[in-house]
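J.: fold the following for me, if possible:
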Amino acid sequence: MATDPLTASNLVAAERDGEYGLTVPLRIDKVERTPDHDWWAQLVHCSDVLGTHVKLTVFDDDDCDLVDYSFEEGTWYEFDDVNPDVYQGTIGIKAKWDRQVHQLPGRPEMSPSDTTDTVRRLGAADAIAALDIETITTVSERELEPPNPDHQELLCTGVGYRGSLNEEIEAEVLFREDETASAELDAIEAVVNWIDAKDVDVLITFGGAWFDLPVLVGRAERAAAEIGEPGRAENVRTALESYYHADLSSAKNRVLGEGSLEDMAEHVGSPAPKTLWTDYETGLEPQTWRENQWKIMREEDRDPPSDDIADPTVFNSDVPYFGEAWLTASAAGEDNRASNLYACLETYTLADIHPLFAIADDERSTGQPSFPMTY
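T.: All right, here's what the predicted structure looks like:
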């Protein structure tokens with residue numbers, strides 16, 4: 001009796017169990033040739049027989065037969081003797097140096113029997129939660145490594161929930177109360193409690209596999225250690241690792257290549273509204289930090305968010321400064337200034353929540369895999 005073809009779920013299970021040498025049929029959706037990249041020659045975006053996205057990276061190496069292989073988009077191929085490659089929210093197969101692929105006449109048959117629930121396809125999810133964290137930095141601009149929890153602390157988290165496609169999105173921002181480690185840990189636990197109170201099929205983020213969720217775990221560990229309650233951090237980790245998580249930056253990579261959440265939201269017809277710092281009485285002039293900050297960005301071959309240093313838009317790189325000012329004003333009892341800073345930060349954070357759902361709802365995201373990950 002013939003067995004069903006392997007799927008993305010099998011790849012995740014194989015990675016977990018240390019199994020290699022798999023045979024997986026995949027449809028080629030999009031091929032990106034990257035001749036100028038330092039490491040890879042092709043990024044091949046594929047789908048398994050259930051419509052779940054899988055990625056193949058072909059490394060640029062003279063000994064790799066697949067460097068110049070001409071995949072036909074929309075065509076099915078069988079990849080033989082492959083190893084799983086599950087990393088930061090993507091499911092893939094590791095490229096081997098010898099060509100181990102051949103074209104199939106069509107989509108392999110899949111029996112109607114229940115498939116493993118190791119992976120949930122985003123398009124099949126009803127109840128969706130979303131989160132997006134904002135942080136304050138504790139090191140200089142030059143030292144900052146965004147995913148490093150020793151370089152920042154949690155400021156606030158935007159959370160959202162929708163029980164079904166026809167329901168309204170519930171969204172709010174959960175702030176820490178003050179500068180103490182106890183307040184930071186409370187704010188992290190509030191995020192977990194907020195999600196746990198919902199009936200959630202999939203948690204969506206944008207870059208969360210790389211940034212938001214590891215930082216939440218890392219900051220929980222550090223704050224819990226500081227107050228002598230390490231068990232609370234372990235509870236946070238356990239909760240976050242239990243969610244089926246879909247990182248929508250992977251969908252952006254397939255559709256746009258480079259770009260931000262704002263770029264992808266614009267592309268799917270749901271642009272994120274801008275927050276203007278000039279609408280609030282904050283007593284801050286972003287030019288005072290942007291001059292040095294944007295200079296460092298250029299030196300590191302990163303483009304500043306605008307050509308105008310006085311741009312009234314609040315950018316992600318501005319948030320740590322507004323956040324620090326809010327915590328300081330709150331501690332000093334400067335109620336009016338603190339209220340304006342809070343409102344500015346709340347508006348900015350909420351602006352990304354609805355676009356996350358719009359990206360998740362787009363037909364190009366339906367095959368995005370979600371699965372429990374380790375942080």
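J.: where does the protein have low pLDDT?
T.: Scanning the chain for pLDDT under 70 picks out the ranges 1-2, 34-40, 60-65, 67, 96-99, 113-116.
J.: mind running it again at 50?
T.: 1 (pLDDT under 50).
J.: so where do the strands sit in it?
T.: 22-33, 40-47, 53-59, 76-87, 90-94, 101-103, 120-121, 128-137, 152-162, 170-175, 202-205, 245-247, 369-370 (DSSP state E).
J.: next, the contact list for the nearest residue to Ala187 once chain neighbours are set aside, please.
T.: Sequence neighbours aside, Arg176 is the residue nearest to Ala187 in space, at 3.9 Å (criterion: Cβ to Cβ, 6 or more residues apart in numbering). For the C-beta atoms, the positions are set from N, CA and C on the backbone; glycine is no exception. By Cβ atoms under 8 Å, 6 or more residues apart in numbering, Arg176 lies in contact with 154-156, 183-184, 186-187.
J.: all helices for the stretch 101-250 of the chain, in order.
T.: 181-196, 212-227, 230-240, 249-255 (DSSP state H, counting those that start in this stretch).
J.: between those, which one is closest to Ala343.
T.: The closest of the helices of the stretch 101-250 of the chain to Ala343 is helix 181-196. By Cβ to Cβ, the value is 18.0 Å.
J.: how far away is the residue nearest to Ala187 from Glu221?
T.: 16 Å (Cβ to Cβ, to the nearest Å).
J.: repeat for Leu26
T.: For Leu26 relative to Glu221 (Cβ to Cβ), the value is 38 Å.
J.: those two - which one has more neighbours?
T.: Leu26 (29 against 19; other Cβ atoms under 10 Å).
J.: can you name the residues bridging to the more buried one?
T.: Tyr77 (DSSP bridges).
J.: go through the helices of the stretch 101-250 of the chain and name the closest to Ser317.
T.: Among these, helix 212-227 sits nearest to Ser317 (Cβ to Cβ), with 16.1 Å.
J.: which of the residues in that closest one are buried?
T.: In terms of neighbour count (16 or more other Cβ atoms under 10 Å), helix 212-227 has its buried residues at 212-224.
J.: tell me the angle that helix makes with strand 152-162.
T.: 130 degrees (axes from the mean of the first three to the mean of the last three Cα atoms, to 10 degrees).
J.: output stretch 335-346 as PDB, restricted to C-alpha atoms.
T.: Only the C-alpha atoms of stretch 335-346 are listed here, as PDB (Å, rounded to 0.1, in the frame of the first residue of the first chain):
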ATOM      1  CA  ASP A 335       1.100  64.000  34.600                       C
ATOM      2  CA  ASN A 336       0.300  66.000  31.500                       C
ATOM      3  CA  ARG A 337       3.600  65.200  29.800                       C
ATOM      4  CA  ALA A 338       3.300  61.600  30.800                       C
ATOM      5  CA  SER A 339      -0.300  61.400  29.500                       C
ATOM      6  CA  ASN A 340       0.800  62.800  26.100                       C
ATOM      7  CA  LEU A 341       3.700  60.500  25.800                       C
ATOM      8  CA  TYR A 342       1.500  57.500  26.800                       C
ATOM      9  CA  ALA A 343      -1.100  58.400  24.200                       C
ATOM     10  CA  CYS A 344       1.600  58.800  21.500                       C
ATOM     11  CA  LEU A 345       3.100  55.400  22.300                       C
ATOM     12  CA  GLU A 346      -0.300  53.700  22.500                       C
END
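J.: buried sites along stretch 161-174?
T.: Those buried within stretch 161-174 under the rule 16+ other Cβ under 10 Å are 161-163, 171, 173-174.
J.: next: stretch 66-78.
T.: Here stretch 66-78 shows 66-67, 71, 76-78 as buried, counting by 16+ other Cβ under 10 Å.
J.: among these, which two are most distant?
T.: Val67 and Trp76 (21.5 Å).
J.: for the stretch 251-375 of the chain, just list every one of the helices.
T.: Using DSSP H, counting those that start in this stretch, the helices of the stretch 251-375 of the chain run over 261-267, 287-299, 319-331, 335-350, 353-361.
J.: tell me the most buried of those helices?
T.: With neighbours taken as mean count of other Cβ atoms under 10 Å, the helices of the stretch 251-375 of the chain reach their highest mean count in helix 353-361, at a mean of 22.
J.: so what does that helix touch, helix or strand wise?
T.: On a contact count with 3 or more Cβ pairs under 8 Å, 6 or more residues apart in numbering; DSSP states H and E, helix 353-361 meets strand 128-137, strand 152-162, strand 202-205, helix 261-267.
J.: partner strands of the shortest one and their direction?
T.: Within its sheet, and counting by DSSP bridges, strand 202-205 is paired with strand 128-137 (parallel), strand 245-247 (parallel).
J.: nearest to Gln88, of those strands?
T.: Using Cβ to Cβ, the nearest of the strands paired with strand 202-205 to Gln88 is strand 245-247, at 7.2 Å.
J.: contacts for that closest one, please.
T.: 88-90, 122, 125, 202-210, 213, 360, 368-373.
J.: can I get the buried part of the residues you listed as one PyMOL selection?
T.: In PyMOL, a selection of the buried entries from the contacts of strand 245-247 looks like this (16+ other Cβ under 10 Å):
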select buried, resi 89+90+122+125+202+203+204+205+206+207+208+209+210+213+360+368+369+370+371+372+373
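J.: and Ser339, which of the strands of the chain is closest to it?
T.: So among the strands of the chain, strand 170-175 is nearest, using Cβ to Cβ, at 12.5 Å.
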